[in-house]
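Enquirer: Mind looking at a prediction? Sequence and model below.
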Amino acid sequence: MFLTLCTSVTVMSQNIVKGIVVDSNSENPLQGVSVSLKTTSKVTTTAADGSFELRNLTNGDFIVEIRFNGYETQSFPVKLTGKPIDLGTILFYEDIALDQDLSTITITDDELNDDSSAADNISGLLQSSKDIYLRTAAFEFSSSFFRVRGLDSDNAPLLINGIEMNKIYNGRPQWSNWGGLNDATRNQEFSSGLAPSNYTFGGALGSTNINVRASEARPGGRISYASSNRSYQHRVMGTYSSGLMENGWAFTVAASRRAGEEGFNQGTFYDATSLFVAIEKKINDAHSINFTSIYAPNRRGKSSPNTQEVYDLKGIKYNAYWGMQNGKMRNSREKRIIEPIIMLNHYWTINDNTSLNTNVAYQAGLVGNSRIDHNGTKIDGATNGIPTVVSLGGSNPDPTYYQKLPSYALRQGYNNVYDIHQNFVNDGQLNWNHLYQSNLSNFNAGYSTYVLYEDRNDDTQFTVNTIFETEINENITLNASAQYRNLSSDNFAIVTDLLGGTKFLDVDSFSDTNDLKQNDLNNPFREVSVGDKFRYNYNLTTNIINGFAQAQFKYNKVDFYAAASIANTSHQRNGYYKNGRFANGNDSFGKSEKPTFTNYGIKGGATYKLTGRHLFDINAGYLTKAPTTRNTFSNSRVSNSVINNLTSEKILTADASYILRGAKVQAKVTGYYAKIKDATEVSFYYADGIGGSGADYTAFVQEVLTGIDKKHFGVEVGLEAQVTSTIKLKGAANVGQYTYDNNPTLSLKSEAAGFQFNPRPANLKNYKVAAGPQHAYSVGFEYRDPDYWWFGATLNLFSNAYVDIAPLTRTSNFSDDGGVPFNDYDEALARELLQQEKFDSYNTINLIGGKSWKIDDYFISIFASVSNLQNTKYKTGGFEQGRNANFRQLRDDKTLNTPVFGAKYWYGRGATYFLNLNLRF
């Protein structure tokens, strides 16, 4: 036995893997490159001369993985037999994704601008992933409303230096807060699905941590110019990082400017400036302090969703929100974001195996969304000392308002249908001149019929946390964190332009009595001007305390982990206006009750290594989530009312994968499942034909869906094959099914007089969730020439995308009038009317290519991409209008060749390009 032990020790001592890693362009050695033996705990980093050695290795077949931020990860198969292996000089290639940055990812305009959209950050969540499938989802699927596993982005925490940045109001990251800072935020660590993270418990979609420590940024500078016809037309970006200097200081500075008069959609201007500073001081070997400041103000013009009638008349670039004024395009729907961030991070290396990271972040600013109010009134004398309010007769200025379209004229039997058709085709834009002329009329007496205003959210968000990590031994690592987050959000409407008038009367013109008309009974008949708050004014406060603990175990044949989290969340509304429609007690004025939720999560997983090349991975978790601030109050703009029977959302999720790590072929196949229970959704719209209030009753309603269950399952596949030294083939696919799994409760509320609607089930079970294409496929290739130029192409196919259904039409309201069944109700026809629309499948071809040069100590590269080469027209998403709330309304509308209230859609962009010129030094 002694001889056997000696022989074993001798073999292990002779099993050495060594090499030298150098930059492929400069051929300079790279220090700090991570070198690991996959499926084992063996890991090291390269020295200043680029050299590395992995020692004391057991016999067998393994994969040596070499990874470094900004470079392509490389893998080398080795067979250890007791003899040293020298991999020689390894040329490390800069990752082409450095040029294929976020700007090359096509995100549809509505995703960027619509607060109800949750797909606006798939690219950000996935761009840092090394997973073949997930990177394909980011760069190839993002133009199609695609959501990984059909889940919203609030299921994936986004952190900067360990600080969670998801907005507390809706749970989603606001990527524009650091947009245009691609180089400064490039160092990212992504944990997929339930996989363990060293910083946070994570969510069902994983987590991303953006590391902006100045000392860990790649030293050097980068200046680039980009041109595109997608969102912006021009971008200039510059970044410089000092690296850690001998005096212990390090800094990174970055700035960018993105601008364009018009993107792919008409009237969608873009105006964004971004500034970034990170300064770090290494006090000693144990302590370091990093300060970061991010300021990224941006404005952009929105584009409208439209009915198919409108697209047929005006094309997919059409946007109803803009019109000409004084020879210039003016968009009535702008989104403005100014939310600077400052953070301070303390890094304490307690010993070689233990660290503690403590962080503080403060963010304050505004988000504004502009629109036109067309319900102006004036005071015309008084009766018994009480002012008489008179409507100024404003009408909806939207050129696609249903009463202005040919379909409505046909339905009404008008004899000027052709004229309406021609007027819309030849013009069809917002008429700013008409708004000014109306406001300047003598009848108005200075009062504005139309005003431009902003819906504002002025948030102040404070976060403090501490993150602990200790390596018990080479096999066991423990992680833990504790965090406190606070949101104080002031919400109000503010007048930005009186459009020629001198004042605006802050009352509700639709209400019957003077008291009901008042938006604020404490200031009745208030006249407002530019810069004044009106309509609504309130504060939302949220406090969150949470923490997690995790243990990770790594052994030769199996890795496994277990984690648990706990959180306490409370919300409260404080109304600053006493609304006339909610005037009892503190219905609108003063503080609401404070709903509080205690939540928890547990998860675990394991990776079994059959060999170094064949692995099996399984993860499972159960977590609960408190309702967001957005989904806690039924109509927070005017009421303190908390949603009835509000409860936490529950998520049960699991996945299992087979992973192949071959010398030339790498692949991963994953099956996934997620069951969501007790979700809550709040929405607002106009509805016609609401039973209980009259057969043809019309009202602007707040719809609350509670107790929503959803079921998501499917298969993901990623495949990559290095056919030759220069040609790589790649493929990815998702085949999923995302459906409603029960019949949730639907409630309606309205400020309208006489409104009645009792809560009732919405028959949604087995309808598809509108989460983009549920089937997506991609195949492509890359060619990389030794002379530093490369080219690639992909073919993408999308199918099984569905319109977002209107839940109200799936309730008993559809078949009766206040409990009295329609005598002409046809069940077979009703099923046909309520069938969910499935969008046509489509395919796109994307091309990418680039070339780089080394001139002395400078590196120049050019990158270009073309998306949707064949200019395919396709729907990326859409929603049924809830206007036709009952059988008769919907039947009569769909009888027409062109429905008046057809679904509204978004179309993907046609053929677009992105061109980037880059200088690195």
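Expert: Right, received. Where do you want to start? Numbering: from 1, shown residues only.

Enquirer: Am I right that L410 sits in a helix?
Expert: Yes. L410: assigned to a helix according to DSSP: H, G, I helix; E, B strand; the rest coil.

Enquirer: if I read this right, it contacts V417, doesn't it?
Expert: Yes. Applying CB atoms under 8 Å as the test, L410 and V417 come out as touching, 5.7 Å apart. (C-beta placed from N, C-alpha, C; glycine too.)

Enquirer: Show me where this protein dips below the pLDDT cut-off.
Expert: Applying pLDDT under 70 to the chain flags residues 1-14, 25-26, 95-130, 691-697, 753, 818.

Enquirer: Stretch 813-831: how far from the chain's middle?
Expert: Centre-to-centre, stretch 813-831 and its host chain are 39 Å apart (CA atoms, centre = their mean, to the nearest Å).

Enquirer: what's the answer for stretch 596-609, then?
Expert: 23 Å.

Enquirer: Please save the CA atoms from it in CSV.
Expert: C-alpha atoms of stretch 596-609 as CSV (Å, rounded to 0.1, in the frame of the first residue of the first chain):
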residue,chain,number,x,y,z
THR,A,596,-46.4,44.2,4.3
PHE,A,597,-45.2,40.9,2.9
THR,A,598,-42.7,38.4,4.1
ASN,A,599,-41.1,36.3,1.4
TYR,A,600,-38.6,33.5,1.1
GLY,A,601,-36.8,31.4,-1.5
ILE,A,602,-35.0,28.1,-1.6
LYS,A,603,-33.0,26.5,-4.4
GLY,A,604,-30.4,23.9,-5.0
GLY,A,605,-28.7,22.1,-7.9
ALA,A,606,-25.9,19.7,-8.9
THR,A,607,-23.6,19.0,-11.8
TYR,A,608,-22.5,15.5,-12.3
LYS,A,609,-19.3,15.0,-14.4
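
Enquirer: Could you pull out the buried residues of that stretch?
Expert: For stretch 596-609, the neighbour count (16 or more other CB atoms under 10 Å) marks F597, N599, G601, K603, G604, G605, T607, K609 as buried.

Enquirer: now stretch 369-382
Expert: Residues of stretch 369-382 classed as buried by neighbour count (16+ other CB under 10 Å): N369, S370, R371, I372, D373, H374, N375, G376, T377, K378.

Enquirer: Same question for stretch 732-740.
Expert: Buried-residue list, stretch 732-740, by 16+ other CB under 10 Å: A732, A733, N734, G736, Y738, T739, Y740.

Enquirer: Now for the third one: which residues touch it?
Expert: When you say that, I think you mean N734. Contacts for N734 (CB atoms under 8 Å, 6 or more residues apart in numbering) come out as 133, 137, 141, 146, 148, 714-717, 774-777.

Enquirer: got those residues as TSV, with neighbour count, distance to T383 and secondary structure columns?
Expert: Shown next, in TSV, are the contacts of N734 (neighbours: other CB atoms under 10 Å; distance: CB to CB, whole Å; DSSP: H, G, I helix; E, B strand; the rest coil):
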residue	neighbour count	distance to T383	secondary structure
Y133	27	70	helix
A137	26	64	helix
F141	29	63	coil
F146	23	60	coil
V148	28	62	helix
G714	20	66	strand
V715	12	71	strand
E716	26	69	strand
V717	17	74	strand
Q774	24	61	coil
H775	16	65	strand
A776	24	64	strand
Y777	20	70	strand
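
Enquirer: Please convert those to a markdown table, extending it with distance to S293.
Expert: A markdown table is the format used below for the contacts of N734 (distance: CB to CB, whole Å):
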| residue | distance to S293 |
| --- | --- |
| Y133 | 36 |
| A137 | 32 |
| F141 | 34 |
| F146 | 34 |
| V148 | 32 |
| G714 | 42 |
| V715 | 44 |
| E716 | 38 |
| V717 | 42 |
| Q774 | 42 |
| H775 | 44 |
| A776 | 39 |
| Y777 | 43 |
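
Enquirer: Tell me the one of these nearest A493?
Expert: Closest approach to A493 among the contacts of N734 (CB to CB): F146, at 34.4 Å.

Enquirer: What is the three-state secondary structure of the closest residue in space to that closest one that isn't next to it in sequence?
Expert: Nearest non-adjacent residue to F146, counting by CB to CB, 6 or more residues apart in numbering: G772, 4.4 Å away. Following three-state DSSP, G772 is assigned to coil.

Enquirer: Touching, G772 and T876? I think so.
Expert: Yes. Assessed by CB under 8 Å, G772 is found in contact with T876 at 7.2 Å.

Enquirer: Find residues that contact each of the two.
Expert: Both G772 and T876 are in contact with S144, F145, A801, where contact means CB under 8 Å, 6+ apart.

Enquirer: List the ones among those residues that fall in helices.
Expert: Judged by DSSP state H, helices contain none of the shared contacts of G772 and T876.

Enquirer: are any of those buried, and which?
Expert: Looks like these have S144, F145, A801 buried, using 16+ other CB under 10 Å.

Enquirer: Show me where the stretch 101-250 of the chain has its helices.
Expert: For the stretch 101-250 of the chain, the helices defined by DSSP state H, counting those that start in this stretch occupy 109-113, 122-126, 132-139.

Enquirer: And the longest one, what does it pack against?
Expert: What that stands for is helix 132-139. Contacts defined by 3 or more CB pairs under 8 Å, 6 or more residues apart in numbering; DSSP states H and E place helix 132-139 against helix 122-126, strand 665-688, strand 698-722, strand 727-740.

Enquirer: Any chance of the ones you listed in TSV with distance to L30 as columns?
Expert: Output for the helices and strands packed on helix 132-139, formatted as TSV (distance: least, CB to CB, whole Å):
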stretch	distance to L30
helix 122-126	26
strand 665-688	23
strand 698-722	22
strand 727-740	22
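
Enquirer: can you pull the contacts of the residue nearest to F146?
Expert: Counting by CB under 8 Å, 6+ apart, G772 touches A119, S144, F145, F146, R147, G150, A801, T876, G877.

Enquirer: how close does the fourth one sit to Q774?
Expert: Taking CB to CB, to the nearest Å as the criterion, F146 is separated from Q774 by 9 Å.

Enquirer: How about the last one?
Expert: G877 is 12 Å from Q774, where distance means CB to CB.

Enquirer: Name the residues contacting each of these two.
Expert: Joint contacts of G877 and Q774 (CB under 8 Å, 6+ apart) are A801.

Enquirer: Strands of the stretch 751-900 of the chain, start to end?
Expert: Remark: strands assigned in the stretch 751-900 of the chain by DSSP state E, counting those that start in this stretch are 760-761, 775-785, 789-799, 816-817, 820-821, 842-855, 858-867, 875-879.

Enquirer: Identify, out of those strands, the most deeply packed stretch.
Expert: Compared across the strands of the stretch 751-900 of the chain, strand 875-879 shows the largest average neighbour count, a mean of 23 (mean count of other CB atoms under 10 Å).

Enquirer: From the chain's centroid, how far away is that strand?
Expert: 16 Å.
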